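> here you go, sequence then predicted model.
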Amino acid sequence: MRALDIVALSIIPLSCHGECASGFTGADCSLRECPTGAAFFDMAEIDDTAHLQTTCSGRGHCDHTTGECSCATGYVGIACERTKCKHDCSRRGQCKSMRNLADSTRNHESLQYSYQLWDADKLYGCECDLGYAGYDCSLRVCPFGDDPLTQSETDDEIQLLRCTANASSNGHMVLYFDGKASSAIPVSSSVMTLKHALKTIPLIVDVEVHYTTGTTLCRDDGMDNIVYITFTHNPGPLPPLVAETFDMDPTSVVEIAASTSLGMLTDHNGVNHFNVKGNKENEECSNRGICDQETGSCNCFDTNGDQYAGNDCSEVVTSPVTNCPGDPICSDRGVCDATTKRCICEDGYTGGDCSQRSCPHGLTWFGYPSSNNVAHDMMVECSNMGTCLRARGECICNDGFFGNACEYMGCSGDEASQTSCHGNGKCLSLRELALNHKNGDGTLLPIHYGSDANEPSTWDADRIFGCECDDGYGGFDCTLMTCPNGVDPLATVSTDFHSCSNKGLCDHSTGLCKCFAGWGSSDGSGSYGPKNDCGRRQSLRGYP
């Protein structure tokens, strides 16, 4: 080799035509790769299939000098792979994934489902401690009670239980109510033991328990003990108790009658025992006050000469009650029922005196599945991703979400709206983006995403938005400038286009290629030209 050859090669860096070492990328393998995650937003390549692995999960920028993702507001994780719980649930709850919520808790009916769709470990939300509410657990819950002026609703809920099992065994059961578990209940439990165990469920205020036969909970002697459980301080129709048994004989049976479909148990004498569905209201501040969500206390009404009291406003101080609450009556936003003295509010207004604005409802972002792998299907205020501003009836959305009901995930965490993308692209839904799909030669080839409205896996088709960048721009939010592409001039058969022709690195702040020594701008065919694509080998003095 001539000395001139050695000099020439030393100033012309070789591109990495082989594989870069793990964790590195770029034409010269000088750039660090960033972690990848399932994309929140990407182009569907086949019908109803999206969310492929992508750098920083499509919700952050990669810093190629450190290999770390810089996440959009509202997203966290080494790959920006999950949403952030606002204010860490205000330290009044637990931040959980959809999968974790399903696996660790139960729904209102105490049923348990699993959730394993694409967002199972990506969408996080708050499971609030008892007494707190809101998507970020920042609101206090006020007492609920029975409206004292509706005299026809007087029934306490009575649920029935029958346990057929050997009372001398070491088995036990746990009873669930509204998704919360009791302490262990031995099969030999007395009335007082069962009552005490039920009261360990934090949502149960008090119960009365009655055995029809004997003094032990379970029997296997052919005689039935029908257990009456009366909820004396939990008004309203209630969810059923659900039993889970442990270490009991396989022939053991626990039956609960608590619903319309299963509302009766027949004992060994042929006597039918019926459950009773509670029909008392179970309303915030008994519908006779307004909840202060900062303190969790009820401000009981005292208008038109009618006054209410008690922590849940269920006590009538002045009798008889002459009118509906509000000053003016029903706040001029509703109609007064002359019999019950209850306000029937106009659309958009709420509260016992119609003085508060209601907020728009949308499909919930975070909540318990309605069945296995089915979620995001319940309409709730502000979509459980914002707080209702009662004075104006407006939702204040969490970072990264927008819409009247916070029903959309935005294109950029800092500018969560349908007009973001920093003026360098269009903010589209997953469904809209798929319809813009093109094949390899640039011909429009629409893909359908969310074509079946009953398919749970594409629930996000019209709810998650992202940027389709204009030519010359890239990045999840279209803030990065792209560089010219070209065919690698040293490739022998490849016609694939590479950024800067694989002979330079792109400066995304300017959209200009920084060519390796010995390479410069071409005309796209290897000769001199204005493309700034690093596709032309520069002539060196004394080197052909």
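Done, it's in. Residues are numbered from 1 along each chain as shown.

> how far is the helix or strand encompassing A243 from where the chain is centred?
Assessed by DSSP states H and E, A243 sits inside strand 242-246. Relative to the chain's own centre, strand 242-246 is displaced by 29 Å; criterion: CA atoms, centre = their mean, to the nearest Å.

> what helices or strands is that strand leaning on?
strand 172-177, strand 253-257 (3 or more CB pairs under 8 Å, 6 or more residues apart in numbering; DSSP states H and E). (Each C-beta comes from the backbone N, C-alpha and C, glycine too.)

> and it with strand 253-257, angle?
With axes from the mean of the first three to the mean of the last three CA atoms, to 10 degrees defining the directions, strand 242-246 sits at 170 degrees from strand 253-257.

> in three-state terms, label D155 for me.
Recorded secondary structure, D155: coil (DSSP: H, G, I helix; E, B strand; the rest coil).

> count of neighbours near it?
13 (other CB atoms under 10 Å).

> cool, and T193?
By other CB under 10 Å, 16 other residues sit near T193.

> next: the one 3 residues further on.
For H196, the neighbour count with other CB under 10 Å is 15.

> same check on E81?
Based on other CB under 10 Å, the number of other residues close to E81 is 23.

> skip the chain neighbours and tell me the closest residue to it.
G37 (3.4 Å; CB to CB, 6 or more residues apart in numbering).

> could you point out the helix or strand that follows the helix or strand that the one you found is a member of?
Using DSSP H and E, G37 sits in strand 36-38. Downstream of strand 36-38, the first helix or strand assigned by DSSP H and E is strand 53-55.

> name the surrounding residues that touch that next one.
The contact list for strand 53-55, computed with CB atoms under 8 Å, 6 or more residues apart in numbering, reads E33, C34, P35, T36, G37, A38, A39, D42, C62, C69, A79.

> let's see it at 7 Å
By CB atoms under 7 Å, 6 or more residues apart in numbering, the residues outside strand 53-55 that reach it are C34, T36, G37, A38, A39, D42, C62.

> tabulate the residues you listed (JSON lines), appending neighbour count.
Formatted as JSON lines, these follow (neighbours: other CB atoms under 10 Å):
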{"residue": "C34", "neighbour count": "23"}
{"residue": "T36", "neighbour count": "18"}
{"residue": "G37", "neighbour count": "24"}
{"residue": "A38", "neighbour count": "19"}
{"residue": "A39", "neighbour count": "23"}
{"residue": "D42", "neighbour count": "19"}
{"residue": "C62", "neighbour count": "23"}
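
> E281: which of these is nearest?
A38 (44.7 Å; CB to CB).

> which ones are touching the closest one?
So A38 contacts H51, Q53, S57, W118, K122 (CB under 7 Å, 6+ apart).

> again, but for T105
T105 is in contact with E127, G179, Y368, counting by CB under 7 Å, 6+ apart.

> got the domain ranges for this structure?
85-141+360-396, 157-274, 281-357 (automatic domain parsing).

> read off the pLDDT value for the residue lying closest to S286 once chain neighbours are set aside.
Of all residues not flanking S286 in the chain, G145 sits nearest, at 3.8 Å (CB to CB, 6+ apart). Listed pLDDT for G145 reads 94.

> measure the residue positioned nearest the centre of the chain to R82 for me?
Here the mean C-alpha position of the chain is nearest to the C-alpha of F366 (CA atoms, centre = their mean), at a distance of 2.0 Å. For F366, the distance to R82 equals 12 Å [CB to CB, to the nearest Å].

> mind listing the helices for the chain?
Secondary structure of the chain (DSSP state H): helices at 3-10, 98-104, 191-199, 430-435.

> out of the ones you listed, which is the most enclosed?
Neighbour counts (mean count of other CB atoms under 10 Å) averaged over each of the helices of the chain peak at helix 430-435, with a mean of 20.

> report all helices and strands that it contacts.
Where contact means 3 or more CB pairs under 7 Å, 6 or more residues apart in numbering; DSSP states H and E, helix 430-435 is not packed against any helix or strand.

> pLDDT (mean, whole number) over that helix?
On average, helix 430-435 scores 96.

> contacts for that helix, please.
By CB under 7 Å, 6+ apart, the residues outside helix 430-435 that reach it are 41, 43-44, 50, 446-450, 460-462, 464, 466, 468.

> what residue ranges in the stretch 1-150 of the chain score low on pLDDT?
When residues are selected by pLDDT under 70, those of the stretch 1-150 of the chain lie in 1-18.

> what does the stretch 301-450 of the chain give?
Applying pLDDT under 70 to the stretch 301-450 of the chain flags residues 413-419.

> burial check on V380, number of neighbours?
By other CB under 10 Å, 16 other residues sit near V380.

> so F366 sits against G125, correct?
Yes - using CB atoms under 7 Å, F366 is in contact with G125, at 2.8 Å.

> so who does N436 touch?
Contacts of N436 by CB under 7 Å, 6+ apart are E468.

> same thing but 10 Å
Contact partners of N436, counting by CB atoms under 10 Å, 6 or more residues apart in numbering, are M43, K426, L428, L444, L445, P446, I447, E468.

> what's the closest of the residues you listed to S331?
Out of the contacts of N436, the member with the shortest distance to S331 (by CB to CB) is L428, at 42.1 Å.

> beta partners for that closest one?
Residues in a beta bridge with L428, per DSSP bridges, are G466.

> most packed of the helices and strands packed on strand 242-246?
Compared across the helices and strands packed on strand 242-246, strand 172-177 shows the largest average neighbour count, a mean of 22 (mean count of other CB under 10 Å).

> export that strand as CSV, just CAs?
Written as CSV, here are the backbone C-alpha positions of strand 172-177 (Å, rounded to 0.1, in the frame of the first residue of the first chain):
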residue,chain,number,x,y,z
HIS,A,172,-62.6,-20.8,56.8
MET,A,173,-64.1,-18.3,54.3
VAL,A,174,-63.6,-14.7,53.4
LEU,A,175,-66.5,-12.5,52.5
TYR,A,176,-66.1,-9.7,50.0
PHE,A,177,-68.3,-6.6,49.9
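
> quick one: distance of it to the chain centre.
Put simply, strand 172-177 sits 28 Å off its chain's centre (CA atoms, centre = their mean).

> make 9 the starting number, not 1.
With the count now opening at 9, the last piece we talked about shows up as strand 180-185.

> ok, that strand: who's next to it in the sheet?
Using DSSP bridges, strand 180-185 pairs in its sheet with strand 188-189 (antiparallel), strand 193-194 (antiparallel), strand 250-254 (antiparallel).

> list the buried residues for stretch 464-479?
The neighbour-count check on stretch 464-479 (16 or more other CB atoms under 10 Å) flags 464-477 as buried.

> now the strands for the stretch 59-208 of the chain?
Applying DSSP state E, counting those that start in this stretch to the stretch 59-208 of the chain gives strands spanning 61-63, 68-71, 76-79, 83-84, 90-91, 101-105, 132-136, 140-141, 147-148, 152-153, 165-172, 180-185, 188-189, 193-194.

> those strands: which one's closest to G318?
Of the strands of the stretch 59-208 of the chain, nearest to G318 by CB to CB is strand 152-153, at 7.6 Å.

> helices or strands up against the closest one?
strand 291-292 (3 or more CB pairs under 10 Å, 6 or more residues apart in numbering; DSSP states H and E).
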